[in-house]
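*Asks:* model the following, please.
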Amino acid sequence: MPRSFRPRLPQLGGALGLIGVVALGGCGGSAPRSGGAGGSLQGAGATFPAPLYQRWFQELAGQGGTRVNYQSVGSGAGVRQFESGTVDFAASDKPLSTEEAAAIPRGVVQIPMTAGAIAVAYNHPGCSLKLTQAQLVQIFEGTLRNFKQLGCSDLAIKVVFRSDGSGTTYNFTKSLAAFSPSWASGPGVAKSVKWPTGIGAKGNEGVAASLQQVKGAIGYVESAYVRGNLQAAALQNAGGTFAKPTVAEAAQALASVELGPNLTGSNPNPQAGYPITTFTWVLLYRSGNGAKLPALQSTFRYTLSDAAQAGAPALGYISLPAAVLQKARAALAQVGS
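*Replies:* This next block holds a predicted model:
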């Protein structure tokens, strides 16, 4: 398995998605300075980028800056908390639609933070999977049920899916729908769908844990969670070639995504690179931030800094392309008091 599948995750002594103590730096690539904006921020949302967010938080810890408590509860739960105004920011792998954004009384600014590949991870040592788009859909439809049908030794396939509302699920099912009319007209595309087969687990962390524990299990997780006895399948893209979820292959696919004026967009079936690749966003209130504004600006100036972005590939994520990074920084400036 390529080394990019086994990023070294922070040793936090707790579940992956919780809690960082953040010291805040500037917009450039220099190391953060102590004595930042002070105070505290509460955030919640996507488990997909949690390892990278934690790394950023750890890097900034102990510098005397703002304390950021980020709960990785899934995109759906994070967005609900954002809509109810109980957090200072949210994180989601599925950006708000125009209608959803218009319903936020304080307005919303959606800023891409990083990007990554959604890996099809499985627990069958000695089996090397190259899946066509049709085979991938058949596995999750429950019609392809044994690894023997895929050229590996005899072992029943046990599907694991996300049981919570998830941007990872949204992006994964969006690709399945692009791969297959039967999926598009069946389970469809959403943060939560009625799966034809399998068992559910909460968060990328929960899916990864279930995959580790069950021989023959197969599921979908952000590539940073593929470690231990898990492997990632090579998937067929629209161009007909097979790619694994390495940083290089994901970046190639990401280059085909055109972000609109609101910095949202995707390509669920690119011609080249790893086919299931997505940006992930932070959601900030456009107004009404009051005394929290300096901390918000300072926090996300750091995550969009050259130094922070340069650390993304070490954990299996993709640094924002230069043009996207420039637009993201400009969007941050739209966040007001």
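
*Asks:* now do the strand ranked longest in the chain: which elements does it pack against?
*Replies:* Taking DSSP state E as the criterion, the chain has its longest strand at strand 108-122. Applying 3 or more CB pairs under 8 Å, 6 or more residues apart in numbering; DSSP states H and E, we find strand 108-122 packed against helix 167-179, helix 203-213, strand 217-222, strand 231-232, helix 247-254, strand 277-285, helix 322-332. The C-beta positions use only the backbone N, C-alpha and C, and glycine is treated the same way.

*Asks:* so which of these is nearest residue 71?
*Replies:* Closest of the helices and strands packed on strand 108-122 to residue 71 is helix 203-213, at 10.8 Å (criterion: CB to CB).

*Asks:* just the angle for that closest one relative to strand 108-122, thanks.
*Replies:* Counting by axes from the mean of the first three to the mean of the last three CA atoms, to 10 degrees, helix 203-213 lies at 0 degrees to strand 108-122.

*Asks:* residue closest to the middle of the chain?
*Replies:* Residue closest to the average C-alpha location in the chain (CA atoms, centre = their mean): residue 48, at 3.1 Å.

*Asks:* help me confirm that that residue comes into contact with residue 168.
*Replies:* Yes - with contact defined as CB atoms under 8 Å, residue 48 reaches residue 168; the gap is 5.2 Å.

*Asks:* okay, and the common contacts of those two?
*Replies:* The contact sets of residue 48 and residue 168 overlap at 75, 93, 118, 204, 222 (CB atoms under 8 Å, 6 or more residues apart in numbering).

*Asks:* which two of the residues you listed have the greatest separation?
*Replies:* Between any two of the shared contacts of residue 48 and residue 168 (CB to CB), the greatest distance is 12.8 Å, for 75 and 118.

*Asks:* settle it for me: which of those two has more neighbours?
*Replies:* Per other CB atoms under 10 Å, whichever of residue 75 and residue 118 has more neighbours is residue 75, with 32 against 27.

*Asks:* the more buried one contacts residue 96, correct?
*Replies:* No - applying CB under 8 Å as the test, residue 75 and residue 96 come out as separate, 10.5 Å apart.

*Asks:* tell me the domain ranges of the chain?
*Replies:* 10-116+277-332, 117-254 (automatic domain parsing).

*Asks:* strands along the stretch 1-150 of the chain, start to end?
*Replies:* Per DSSP state E, counting those that start in this stretch, the stretch 1-150 of the chain carries strands over the ranges 18-21, 40-45, 67-72, 89-92, 108-122, 130-131.

*Asks:* returning to that earlier point: quick one, which of the domains of the chain gets closest to residue 260.
*Replies:* domain 10-116+277-332 (10.0 Å).

*Asks:* one step back: now for residue 75 and residue 118: what residues contact both?
*Replies:* With CB under 8 Å, 6+ apart, residue 75 and residue 118 have common neighbours 48, 168.

*Asks:* quick one: residues contacting the residue nearest to residue 208 when sequence neighbours are not counted.
*Replies:* Distance criterion CB to CB, 6 or more residues apart in numbering; nearest residue to residue 208, sequence neighbours excluded, is residue 225 at 4.1 Å. Remark: with contacts taken as CB under 8 Å, 6+ apart, residue 225 is in contact with 51, 119, 121, 204-205, 207-208.

*Asks:* compile those residues into JSON lines and extend it with columns for pLDDT, neighbour count and distance to residue 86.
*Replies:* Output for the contacts of residue 225, formatted as JSON lines (pLDDT from 0 to 100; neighbours: other CB atoms under 10 Å; distance: CB to CB, whole Å):
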{"residue": "51", "pLDDT": "90", "neighbour count": "26", "distance to residue 86": "24"}
{"residue": "119", "pLDDT": "98", "neighbour count": "27", "distance to residue 86": "32"}
{"residue": "121", "pLDDT": "98", "neighbour count": "26", "distance to residue 86": "33"}
{"residue": "204", "pLDDT": "96", "neighbour count": "28", "distance to residue 86": "23"}
{"residue": "205", "pLDDT": "96", "neighbour count": "18", "distance to residue 86": "22"}
{"residue": "207", "pLDDT": "98", "neighbour count": "28", "distance to residue 86": "26"}
{"residue": "208", "pLDDT": "98", "neighbour count": "25", "distance to residue 86": "28"}
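
*Asks:* tell me what residue 70 is bridged to.
*Replies:* Counting by DSSP bridges, residue 70 is bridged to residue 43.

*Asks:* ok, it touching residue 90?
*Replies:* No - using CB under 8 Å, residue 70 is not in contact with residue 90; the gap is 9.8 Å.

*Asks:* joint contacts of those two?
*Replies:* When contacts are counted by CB under 8 Å, 6+ apart, residue 70 and residue 90 have 43-45 as shared neighbours.
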